[in-house]
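>>> take this sequence and fold it.
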Amino acid sequence: MCAAPLVQRADTGEAGKLRLACPDGHWTHWDNPLPVLAALVEIGDHASGESRILLARNAAWPEKMFALITGFMERGETPEQGVARELKEETNLDADAVSLIGVYEFVRKNEVILAYHVKASGTIRLSEELVDYRLVAPEKLRPWRAGTGYAVADWMEARGLPVEFLDWS
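Numbering: from 1, shown residues only. Purely as a prediction, here's the structure:
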C-alpha cells in the first residue's frame, strides 16, 4: 500500500509467527492456503458396476500423468456448484450427483483440496487445458501419494476396494 519493501516481521497476535509485512504495519501478506476443488468423476451405469472413473492429463504434465479434474471456486458459488462448473468447463460432462469425499492438505502448493465424488453423464469433450483422458474401472485405480491421490484412496476404501498406491520412482 505504501510502496515500501516488505520485511519479515513477527506477528504479535500469533506467538511471533514470521510473516511478510510492510515495515510500518500498513499491510500483511497472510499467505493462507488456497481452496482447490477436485472431482473424482464416475461415468456410466453405477448400479450394474459398469461405471468408470475419468482421469485426465493437463497439458503441462508429463505424458503418463493422469489425475482428477480440479479447479478453483468462483465468488458466490458453493464448493458443490464449483466442482460441477469445473467439470462442465473442462470435460463437457454434467454433474448428476455430488458428494464430499474429504478435505486434504497439499502443502507443496499451499492449497487445501476439497475432494468430491461426482456421478456424471454426457459426452466427454476436453477443454484446451486438458490433452487426454482415461476411463478406468474403479477396482483398477492406483492412487498416488500426493494431493488428490489420497482422496482416490479414501473413496476406494469406502467401497471396499483394495488400495495399491502408485510408485512414481
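
>>> show me what the lengthiest helix in the chain is packed against.
Ranked by number of residues, the top helix in the chain under DSSP state H is helix 79-91. Packed against helix 79-91 by the contact rule (3 or more Cβ pairs under 8 Å, 6 or more residues apart in numbering; DSSP states H and E) you find strand 34-43, strand 52-58, strand 69-71, strand 94-106, strand 111-121, strand 130-136. Bear in mind the C-beta positions are built from the backbone N, C-alpha and C, glycine included.

>>> helices or strands up against the least confident helix or strand in the chain by mean pLDDT?
Using mean pLDDT, DSSP states H and E, the weakest-scoring helix or strand in the chain turns out to be strand 28-29, at a mean of 80. Strand 28-29 sits against strand 17-21, with contacts defined as 3+ Cβ pairs under 8 Å, 6+ apart.

>>> list the contacts of the strand it packs on.
Under the contact criterion Cβ atoms under 8 Å, 6 or more residues apart in numbering, strand 17-21 has outside partners 6-11, 27-31.

>>> buried only: go through the residues you listed for me.
Using 16 or more other Cβ atoms under 10 Å as the burial test, the contacts of strand 17-21 include Arg9 as buried.
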